[in-house]
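Novice: The sequence and its predicted three-dimensional model are supplied below.
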Amino acid sequence: MIQIGLENFVNQYNSTPPNWGRCAVLCHAASVDKDLTHSLTHLKKILGTNLVKIFGPQHGFVCDVQDNMIETDHFHHPYFDLPVFSLYGETRVPTDEMLTDIDTFIIDLQDVGTRVYTYITSMAYCMKQCEKRGIKVVIFDRPNPVGGELIEGNILEDRWKSFVGHHPIPMRHALTMGEVAKLDQKLNSPQVDLEVITMTDWKRQMSWDDCERIWVNPSPNLATVNSAAIFPGSVLFEGTNWSEGRGTTRALEIMGAPGIEPFSFAETLKKECLEFGISDVIIKPSYFYPMFQKHRDTPCGGVQLFCQNPNRFHAWKMGQLILKTAFHHSDFKFKWNDKPYEYENENLAIDYINGSTDLRSWVENNGSHEELHSLEQKNRSDYLSLKEDIHLY
């Protein structure tokens with residue numbers, strides 16, 4: 001069994017605490033060890049009164065907030081008896097006041113390996129602020145649940161930089177949090193004092209199941225390992241008027257809309273998958289009834305996806321293909337989401353999610369497999385060069 005950064009920290013410092021001074025920690029509900037003991041429990045025991053502040057990312061420290069742009073408040077934690085500062089409220093960047101009297105900023109977040117998952121952006125914002133103030137940053141590294149080998153998607157264009165796209169990386173980047181931190185140090189915070197507490201025995205080809213660990217929701221709507229594997233494609237539907245399954249028990253595995261006949265839609269999609277060479281996925285026709293968010297209290301039809309092998313299933317390509325099929329071959333009036341998205345009030349949400357306008361054009365113009373492949377490979381070599389010296393495993 002692998003040892004994650006948190007566990008290696010506990011093993012190393014359990015008898016002699018590190019000389020880190022006054023510490024803050026950015027964490028959430030999935031910041032646990034193999035026995036599901038929260039990292040704060042370990043840190044409180046090891047650091048004692050030197051643990052002085054807690055920070056929470058999007059979805060809140062306790063991971064109870066469902067959706068985009070639903071903010072969380074600061075509060076005082078009754079059990080740990082520490083202030084908890086929200087980095088998804090009136091600010092997404094830690095303020096001078098929040099960082100007062102901090103010597104070391106610890107980050108222990110379970111990521112899902114997808115560019116638009118905002119925890120890597122929050123980490124980058126914290127690193128920049130700590131660099132300015134001479135605060136040491138420590139990352140407790142954790143597995144990328146969809147592995148460290150398969151790379152998917154186009155590279156974010158600088159024009160579309162946002163809270164859901166901070167680095168010039170593909171949608172599925174194949175890096176751990178510690179490796180993204182090293183990449184961010186290389187690009188944005190070269191003077192930050194960064195230490196990564198690495199994992200032991202994690203291999204790049206490992207999926208989450210290979211790690212033999214219990215899945216704890218890193219956010220409310222990623223309830224299963226399967227949803228994390230599907231997420232690089234299903235997240236695209238946040239940029240549309242189709243449901244991505246929020247309001248059901250299997251969010252971000254389901255995509256659909258009112259009036260869609262799921263069996264015929266699934267058959268069309270299966271034929272498209274053969275043409276596009278997509279395998280290692282089961283496409284299940286699905287009826288569903290969202291209890292909140294898009295199409296609340298309205299019967300919907302669509303598909304539910306089941307990843308059979310995350311090291312081979314191309315979720316991003318699958319998501320683009322479902323978008324194209326929905327745009328051209330469904331009875332529901334497909335529209336792009338033109339509402340504010342992650343604090344961006346102009347342009348379409350799908351372009352921020354994709355990090356480009358080219359993919360929206362590909363969908364609208366019923367593009368070919370060859371054209372999609374070309375868009376995906378654009379600037380790929382730059383990314384491969386960028387990350388070649390940051391791998392920790």
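Specialist: Arrived safely, thanks for sending. What you see is a predicted model; the values in this text were computed from it and never measured.

Novice: So what touches the helix or strand hosting residue 350?
Specialist: Counting by DSSP states H and E, the element that carries residue 350 is helix 349-354. Counting contacts by Cβ atoms under 8 Å, 6 or more residues apart in numbering, the residues outside helix 349-354 that touch it are 116, 154, 160, 162, 164-165, 171, 235-236, 238-240, 336-339, 341-342, 344, 357, 359-360. The C-beta positions use only the backbone N, C-alpha and C, and glycine is treated the same way.

Novice: Does the most centrally placed residue in the chain belong to a helix, a strand or coil?
Specialist: Here the mean C-alpha position of the chain is nearest to the C-alpha of residue 117 (Cα atoms, centre = their mean), at a distance of 2.6 Å. With DSSP: H, G, I helix; E, B strand; the rest coil as the basis, residue 117 sits in coil.

Novice: Just the strands from the stretch 1-150 of the chain, written as ranges.
Specialist: With strands called from DSSP state E, counting those that start in this stretch, the stretch 1-150 of the chain shows them at 23-27, 51-56, 75-77, 82-86, 104-108, 136-140.

Novice: Tell me which of the ones you listed lies nearest to residue 4.
Specialist: Within those, the stretch nearest residue 4 is strand 136-140; the backing value is 7.1 Å (Cβ to Cβ).

Novice: Show me what the closest one is packed against.
Specialist: helix 5-13, strand 104-108, helix 119-133, helix 177-187, strand 194-197 (3 or more Cβ pairs under 8 Å, 6 or more residues apart in numbering; DSSP states H and E).

Novice: rerun that using 6 Å as the cut-off
Specialist: Other helices and strands packing on strand 136-140, by 3 or more Cβ pairs under 6 Å, 6 or more residues apart in numbering; DSSP states H and E, are strand 104-108, helix 177-187, strand 194-197.

Novice: Report the rounded mean pLDDT for it.
Specialist: Predicted confidence along strand 136-140 averages 98 (mean pLDDT).

Novice: Kindly report the same for stretch 59-79.
Specialist: Across stretch 59-79, the average pLDDT comes to 77.

Novice: Over to stretch 257-276?
Specialist: Mean pLDDT, stretch 257-276: 95.

Novice: repeat for stretch 373-389
Specialist: pLDDT averaged over stretch 373-389 equals 95, rounded to a whole number.

Novice: Just the buried positions in it, please.
Specialist: Of the residues in stretch 373-389, those scored as buried under the neighbour-count criterion (16 or more other Cβ atoms under 10 Å) are 375-376, 383, 386-387.

Novice: do the same with stretch 153-167
Specialist: When burial is assessed from 16+ other Cβ under 10 Å, stretch 153-167 yields the following buried residues: 153-157, 160, 162-167.

Novice: looking at the helices and strands packed on strand 136-140, which is buried most?
Specialist: strand 104-108 (a mean of 26; mean count of other Cβ atoms under 10 Å).

Novice: Residues contacting that one, please?
Specialist: Counting by Cβ atoms under 6 Å, 6 or more residues apart in numbering, strand 104-108 makes contact with 6, 20-21, 23-27, 31, 39, 123, 130, 135-140, all of which sit outside it.

Novice: Which residue, other than its chain neighbours, is closest to residue 43?
Specialist: Distances taken as Cβ to Cβ, 6 or more residues apart in numbering put residue 51 closest to residue 43, at 5.2 Å, once the chain neighbours are dropped.

Novice: now do residue 312
Specialist: In space, not counting the residues next to it along the chain, residue 312 is nearest to residue 280; the distance is 4.4 Å by Cβ to Cβ, 6+ apart.

Novice: Is that neighbour in contact with residue 311, as I believe?
Specialist: No - checked against Cβ atoms under 6 Å, the pair residue 280 and residue 311 is beyond contact range at 8.4 Å.

Novice: Can you flag the buried ones in the contacts of strand 104-108?
Specialist: In the contacts of strand 104-108, burial by neighbour count holds for 6, 20, 23-27, 31, 39, 123, 130, 135-140, counting by 16+ other Cβ under 10 Å.

Novice: that older thread, which SSE is immediately downstream of the helix holding residue 350?
Specialist: Proceeding C-terminally, helix 349-354 gives way to helix 358-364 as the next helix or strand, assigned by DSSP H and E.

Novice: Name the residues of that following helix that come out as buried.
Specialist: 358-360, 362-363.

Novice: likewise stretch 321-341?
Specialist: By neighbour count, and taking 16+ other Cβ under 10 Å as the criterion, the buried residues in stretch 321-341 are 321-327, 330, 332, 334, 336-337, 341.

Novice: quick one: the helices in the stretch 201-350 of the chain?
Specialist: Taking DSSP state H, counting those that start in this stretch to define them, one finds helices in the stretch 201-350 of the chain at 225-234, 262-276, 315-328, 349-354.

Novice: now the angle between helix 315-328 and the second one, please.
Specialist: Using axes from the mean of the first three to the mean of the last three Cα atoms, to 10 degrees, the interaxial angle of helix 262-276 with respect to helix 315-328 works out to 120 degrees.

Novice: which intervals of the protein have sub-threshold pLDDT?
Specialist: By pLDDT under 70, the weakly predicted segments of the chain are 63-69.

Novice: Break it into its domains for me.
Specialist: When the chain is parsed with automatic domain parsing, its domains come out as 5-216, 225-356.

Novice: what's the span of the first one from first residue to last?
Specialist: In domain 5-216, first residue to last residue: 17 Å (Cα to Cα, to the nearest Å).

Novice: next one: it to chain centre, how far?
Specialist: Distance, stretch centre to chain centre, for domain 5-216: 12 Å (Cα atoms, centre = their mean, to the nearest Å).

Novice: and the closest residue to residue 209 other than its chain neighbours, how many neighbours?
Specialist: Distances taken as Cβ to Cβ, 6+ apart place residue 225 nearest to residue 209, at 6.8 Å, with adjacent residues excluded. Counted with other Cβ atoms under 10 Å, residues neighbouring residue 225 total 18.

Novice: Return the helix holding residue 350 as CSV; C-alpha atoms alone will do.
Specialist: As requested, C-alpha coordinates have been extracted for helix 349-354 and formatted as CSV (Å, rounded to 0.1, in the frame of the first residue of the first chain):
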residue,chain,number,x,y,z
ALA,A,349,-18.7,29.5,-19.8
ILE,A,350,-17.7,26.7,-22.2
ASP,A,351,-14.8,28.8,-23.5
TYR,A,352,-13.4,29.2,-20.0
ILE,A,353,-13.9,25.5,-19.3
ASN,A,354,-12.2,24.5,-22.6
